[in-house]
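**Q** what's the 3D shape of this:
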Amino acid sequence: MRTRALLIVLLLLWIAGTPGLGVDTRTSDSVALGVVYGVAFLAAIVALVATWWRPRWVGPLAMIVGGAAVLLALADLAGLTSAMRPSSFLAALEIGVAIVGVALVWSGLRSRAVFV
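**A** Numbering: from 1, shown residues only. From the prediction side, this is the model:
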């Protein structure tokens with residue numbers, strides 16, 4: 001249940017930080033970066049669905065999604081994903097994504113399914 005809530009919060013934070021949908025007004029011409037974010041978003045959706053249908057998958061998927069969230073958030077905060085650094089509100093969103101990502105990794109580690 002905790003992992004499901006964390007995944008929902010992560011998806012909402014990612015949507016809020018998506019250019020054109022949320023508060024991010026930066027533009028990017030990087031197709032590869034869009035693919036990386038898209039794969040991470042789809043992995044989070046798969047993990048969310050797995051909380052209902054495949055509980056044994058949730059631990060490993062939560063760790064993968066959480067790790068990806070932390071790496072993408074820290075890369076954006078460091079200015080590696082765009083020529084412009086994020087605004088202060090977007091930086092706060094990215095910090096929230098990183099915190100939820102760490103919580104997902106922790107939740108995945110605590111899951112018994114990882115060690116079975």
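**Q** hey, where'd the helices end up in the chain?
**A** 2-16, 31-53, 55-77, 88-110 (DSSP state H).
**Q** the second one to helix 88-110, inter-axis angle?
**A** Right, the one you point to is helix 31-53. Angle between the axes of helix 31-53 and helix 88-110 is 50 degrees (criterion: axes from the mean of the first three to the mean of the last three Cα atoms, to 10 degrees).
**Q** so which bits of helix 31-53 are buried?
**A** The neighbour-count check on helix 31-53 (16 or more other Cβ atoms under 10 Å) flags 33, 36, 37, 40, 41, 43, 44, 47, 48, 50, 51 as buried. Every C-beta, even on glycine, is put in place using the N, C-alpha and C of the backbone.
**Q** just name the most buried of the helices of the chain.
**A** Comparing those by mean neighbour count (mean count of other Cβ atoms under 10 Å), helix 55-77 ranks first with a mean of 21.
**Q** done for today, thanks.
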